[in-house]
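In: build me a model:
(2 chains)
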Amino acid sequence: MDAIATYALRLGDDSLILGQRLSEWCGHAPVIEVDLSLANVALDQIGQATHFLNLAGELEGKGRDGDALAFRRDVMDFTNCLLVEQPNGDFAQTIARQLLFSHYQELLFTALTGSKNATIAAIAAKAVKETSYHATLASDWVIRLGDGTNESKSRMIAGLDWMWRFADELFVMDDIDAAAMTAGVGVDKAALRAAWDARIDAVLAEATLSRPAPRRATTGGRNGRHSEHLGHLLSDMQFLQRAYPGATW
Amino acid sequence: MSDASKEWPLWEVFVRGKGGLSHRHAGSVHAVDAKMALEHARDTYTRRMEGVSLWVLPSAQIVASDPGDAGALFEPAEDKVYRHPTFYKIPDGITHI
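Out: Numbers count the residues shown, from 1 in each chain, chains lettered A, B, ... in the order given. Model (predicted):
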């Protein structure tokens, strides 16, 4: 894959893995309304993934479509950031992940509406409305839990503590990102950091929470170096195509 | 069994299908406040493009007629057929009437 195809692949992998993670809540959320909220976010993410992965397959030009990329790759071939593969934990941990990621994704998609790749620009324009709602939903829950009871607050703090070390990776610019940006297809993710910091700090302040203590950032997802959690997620997600290759229904 | 006293309050949800139509009762959601009720209503009742506008209101605020009064309230209308505007010709192409 060239840089532009890889760029699309990374966008798709982020959405796909987060969508799969969130779908694990289906039938298990604290109340049925929240169950639907999380399932809706999951479906939005999987819809975005379908578009981005189909595009990556087209750009690659080897006959792979979104399904082939989603279900017939192994762990090391996935390029999602480490944040989205982190386990759901309790509801607060899931919401912490959503807060960090959705604000990033909304800023990213807003910038990508100006991409010179018309398909990426169109996907971003559609998806940014979805993502804007995800960011609002996650922010509201962080505020409720953070500024709630002693238990909800301590769980929210623990959830943010778990996820925080994976935030830096979102804004890393490597060779692929630089090439995509030079081509006018990608954007400067590092430049999104200041706006993201301001949004997160505003939510944390309203939630009466402080930023977690700085930790050494964990990266590597973009190059296929994943946590052990992704393999387990894939074994679930890809079970059917592994057991019955090419099965359709 | 869940403890009813710990359940979130119930809210009634009304959805406007499209501009020009009235809001219609869609169902109910549990939520701790109006903001959450709107989010839950959005996620529960508009996920298949059912609406362009939402109302939520606390179910406890609804005042209902007493079923025991149904006879006095509604039966007198049964034989007043002339109250139906059925004696007009409706021009072709008129919708939502």
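In: quick check, A:A217 in a helix?
Out: No. If the criterion is DSSP: H, G, I helix; E, B strand; the rest coil, then A:A217 is coil and not within a helix.
In: just give the nearest non-adjacent residue to it, would you?
Out: A:D168 (3.5 Å; C-beta to C-beta, 6 or more residues apart in numbering or on different chains). All C-beta spots, glycine's among them, are computed from the backbone N, C-alpha and C.
In: how close does that neighbour sit to A:N117?
Out: Noted for A:D168: a distance of 26 Å to A:N117, by C-beta to C-beta, to the nearest Å.
In: check which helix or strand B:R24 maps to.
Out: Using DSSP states H and E, the secondary-structure element containing B:R24 is strand B:23-30.
In: which elements pack onto that strand?
Out: strand B:10-16, helix B:34-45, strand B:53-58 (3 or more C-beta pairs under 8 Å, 6 or more residues apart in numbering or on different chains; DSSP states H and E).
In: buried stuff in the last one?
Out: Yep, that's strand B:53-58 we're talking about. Neighbour-count burial for strand B:53-58, with 16 or more other C-beta atoms under 10 Å in any protein chain shown as criterion, is recorded at B:54-56.
In: which one of A:D168 and A:N117 is surrounded by more residues?
Out: Between A:D168 and A:N117, counting by other C-beta atoms under 10 Å in any protein chain shown, A:N117 is the more crowded of the two (20 against 17).
In: got the contact list for the more buried one?
Out: A:4, A:8, A:185 (C-beta atoms under 8 Å, 6 or more residues apart in numbering or on different chains).
In: again with A:D77
Out: A:D77 sits next to A:G224 when contact means C-beta under 8 Å, 6+ apart.
In: same question, A:R165
Out: When contacts are counted by C-beta under 8 Å, 6+ apart, A:R165 is found next to A:215-218.
In: which SSE is the residue lying closest to B:E39 once chain neighbours are set aside in?
Out: Across the structure, with C-beta to C-beta, 6+ apart as the measure, the residue nearest B:E39 apart from its sequence neighbours is A:L137 (6.3 Å). When secondary structure is defined using DSSP H and E, the element that contains A:L137 is helix A:118-146.
In: quick check: buried residues in that helix?
Out: Buried positions in helix A:118-146, judged by neighbour count with 16+ other C-beta under 10 Å: A:119-121, A:123-124, A:126-128, A:130-135, A:137-146.
In: any part of the helix or strand that that helix is followed by near chain B?
Out: Using DSSP H and E, the helix or strand that directly follows helix A:118-146 along the chain is helix A:150-164. No. Where contact is defined by C-beta under 8 Å from any C-beta of the partner chain, no part of helix A:150-164 touches chain B; the two come within 11.8 Å at best.
In: for helix A:150-164, packing partners?
Out: Helix A:150-164 makes packing contacts with helix A:91-112, helix A:118-146 when contacts are defined by 3+ C-beta pairs under 8 Å, 6+ apart.
In: so how far is that helix off the chain centroid?
Out: Between the centre of helix A:150-164 and the centre of its host chain there is 19 Å, according to C-alpha atoms, centre = their mean, to the nearest Å.
In: helices and strands of chain B: which one bottoms out on pLDDT?
Out: For chain B, counting by mean pLDDT, DSSP states H and E, helix B:70-74 ranks last in confidence among helices and strands (a mean of 88).
In: now do the contacts for the closest residue to chain B within chain A.
Out: Per C-beta to the nearest C-beta, the residue of chain A with the smallest distance to chain B is A:E33, at 3.9 Å. Contacts were defined as C-beta under 8 Å, 6+ apart; by that measure A:E33 touches B:29-31, B:40, B:43-44.
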